[in-house]
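[1] sequence first, then the predicted structure:
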Amino acid sequence: MDFETVMMELESLGKERTKKMYISNGAREPLFGVATGAMKPIAKKIKINQPLAEQLYATGNYDAMYFAGIIADPNGMTELDYDRWMDDAYFYMLSDYVVAVTLSESAIAQDVADKWITSGDELRMSAGWSCYCWLLGSLKDNEFSESKISRMLDLVKNTIHHSPERTKSAMNNFLYTVGTSYLPLHEKALLIAEEVGIVEVKRDSKKSSYLNAYENIQKQKEKDRLGFKRKYVRC
């Protein structure tokens, strides 16, 4: 399938209700409003196609950009490529659910995510923390440095309440993910989550969200779901 065919397919799958939902979360025109699940049949036909992914991502159309992440070749992208994609990721559904997800399947994931976390840029920081969530939730525990993840937990404890709004949300999710999916530091994550308490995330033109990693970790513990790992990150 070529670029024009994919764009026509995506447009045909668009729903006004889905479009409104995406816009309410920060998406902007152009977009069609395609449910992510509806993209799977097209993705199965194309599989991996980095040149096509680049064409789609460059459109600025949210649905095309999301689909680009599905068919991208994570190890075919360099650090500069990921930075370029982040430059165009104008809201969290692109930074955290397209760029960070794609990065998480690459060999350079931790190196790039580490730089983003310390960048001082809200969405890059959010994407960096989110990348670690995708990594910790899918890879074996022994693929991580326990001391490094422990230091990251300390950073969350000391800075989360003073961080930018979207970064707060991703840091809270990191705390929850370590507590749920990374068994070596479950207890530490639980203690820090209790100390951090409720995290308020302010949103433009919407009511604030109130996040509680401690309660959510406890719920997973009660359900005997500690150590949960995803089989796949990208859909």
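    Perfect, thanks for sending it.
[2] which residues touch the residue most central in space within the chain?
    The centroid of the chain falls nearest to Asp96 when counting by C-alpha atoms, centre = their mean (2.8 Å). By C-beta atoms under 8 Å, 6 or more residues apart in numbering, Asp96 lies in contact with Ser126, Ala127, Ser130, Arg166, Ala170. The way it works is simple: take the backbone N, C-alpha and C, and place the C-beta from them, glycine included.
[3] one more pass at 7 Å, please.
    The contact partners of Asp96, by C-beta atoms under 7 Å, 6 or more residues apart in numbering, come to Ser126, Ala127, Ser130, Ala170.
[4] what packs against the helix ranked longest in the chain?
    Longest helix in the chain by number of residues (criterion: DSSP state H): helix 165-181. If you count contacts as 3 or more C-beta pairs under 7 Å, 6 or more residues apart in numbering; DSSP states H and E, helix 165-181 packs onto helix 122-136, helix 146-159, helix 186-196, strand 199-203, helix 213-222.
[5] how about the contacts made by Lys15?
    Per C-beta under 7 Å, 6+ apart, neighbours of Lys15: Gly33, Ala35.
[6] ok, Ser163 next?
    Contacts of Ser163 by C-beta under 7 Å, 6+ apart are Met171.
[7] cool, Lys188 as well?
    Taking C-beta under 7 Å, 6+ apart as the test, what Lys188 contacts is Ser150, Leu153.
[8] what separates it from Leu175, distance-wise?
    Distance of Lys188 to Leu175, given as C-beta to C-beta, to the nearest Å: 10 Å.
[9] if we can go back for a sec, pLDDT and neighbour count for the contacts of Asp96 - can I get that in JSON lines?
    Shown next, in JSON lines, are those (pLDDT from 0 to 100; neighbours: other C-beta atoms under 10 Å):
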{"residue": "Ser126", "pLDDT": "98", "neighbour count": "27"}
{"residue": "Ala127", "pLDDT": "98", "neighbour count": "32"}
{"residue": "Ser130", "pLDDT": "98", "neighbour count": "30"}
{"residue": "Ala170", "pLDDT": "98", "neighbour count": "30"}
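[10] where's Asn172 relative to Ile48, distance?
    Asn172 sits 32 Å away from Ile48, taking C-beta to C-beta as the criterion.
[11] these two: which is more packed in?
    Comparing Asn172 with Ile48 by other C-beta atoms under 10 Å, the one with more neighbours is Asn172, at 24 against 14.
[12] and that one, how far is that from Arg17?
    As judged by C-beta to C-beta, Asn172 and Arg17 stand 29 Å apart.
[13] and what of Lys188?
    42 Å.
[14] try Ile46
    Ile46 is 26 Å from Arg17, by C-beta to C-beta.
[15] stretch 176-189: which residues count as buried?
    Tyr176, Thr177, Val178, Gly179, Thr180, Ser181, Tyr182, Leu185, His186, Lys188, Ala189 (16 or more other C-beta atoms under 10 Å).
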